[in-house]
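Participant: fold the following and give me the result.
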Amino acid sequence: MRVVSILTFVYLIIGCSDTLSKEDLNQLNGYWEIAKVSFSDGNTKEYKVSTSIDFIKIDSLKGYRKKVQPKFDGTFDTSNDAEFFLIKEQNGEFILHYKNDLSEWKETILEVSRDNFSVSNEAGITYAYKRFNPINVKK
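Facilitator: Next comes the predicted model:
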């Protein structure tokens, strides 16, 4: 019984680790919709439906985020606008560094899984996303 308890404890320590790895970052690739925003004052805003979806593409710690609008046939309307970023590891955290002609900002990745991810910005606002599942209405 003691061996089972020790093995269970070791499994919980190793299996429940919240540490992100570079390999985890590949799970960010794809379509995401905002689920919830938590503000630094404790208020939150939940989103039931989003008309705008984020498409994220990462390759070798470089990537971009693009807004797209889903259509009922499973395709997307999009523009050529994209926010490019670099991912840097700092003190065990992965940080998205955005920079364009008008602005520069950072988001710290808090969680990444196949179906969810969240980031926090420098103002203490946390954005939680869920994997987008398209609605496909066939004729």
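Participant: what's around Phe84, how many residues?
Facilitator: For Phe84, the neighbour count with other C-beta atoms under 10 Å is 13. The C-beta positions use only the backbone N, C-alpha and C, and glycine is treated the same way.
Participant: and for Leu28?
Facilitator: 21.
Participant: element containing the residue nearest to it when sequence neighbours are not counted, please.
Facilitator: Counting by C-beta to C-beta, 6 or more residues apart in numbering, Leu28 lies nearest to Ile56, which is 5.0 Å off, once chain neighbours are set aside. Secondary structure from DSSP states H and E places Ile56 in strand 53-59.
Participant: list of residues touching that strand?
Facilitator: 25-26, 28-34, 63-70, 76, 78, 87, 129, 132 (C-beta atoms under 8 Å, 6 or more residues apart in numbering).
Participant: just the buried ones from those, in PyMOL syntax?
Facilitator: A single PyMOL command selects the buried members of the contacts of strand 53-59 (16 or more other C-beta atoms under 10 Å):
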select buried, resi 25+28+31+32+33+34+63+65+66+67+68+70+76+87+129+132
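Participant: how close does Leu102 sit to Asp54?
Facilitator: 19 Å (C-beta to C-beta, to the nearest Å).
Participant: between those two, which one's more packed in?
Facilitator: Asp54 (19 against 5).
Participant: does Ser40 sit in a helix, a strand or a coil?
Facilitator: Secondary structure state of Ser40, per DSSP: H, G, I helix; E, B strand; the rest coil, is coil.
Participant: can you check Gln69 too?
Facilitator: With three-state DSSP as the basis, Gln69 sits in strand.
Participant: show me the helices in this structure, by range?
Facilitator: Remark: helices assigned in the chain by DSSP state H are 2-15.
Participant: list the contacts for the residue nearest in space to the middle of it?
Facilitator: Centroid check for the chain by C-alpha atoms, centre = their mean gives Phe117 as the closest residue, at 3.5 Å. Phe117 makes contacts with 27-28, 32, 109, 111, 128-129, as judged by C-beta under 8 Å, 6+ apart.
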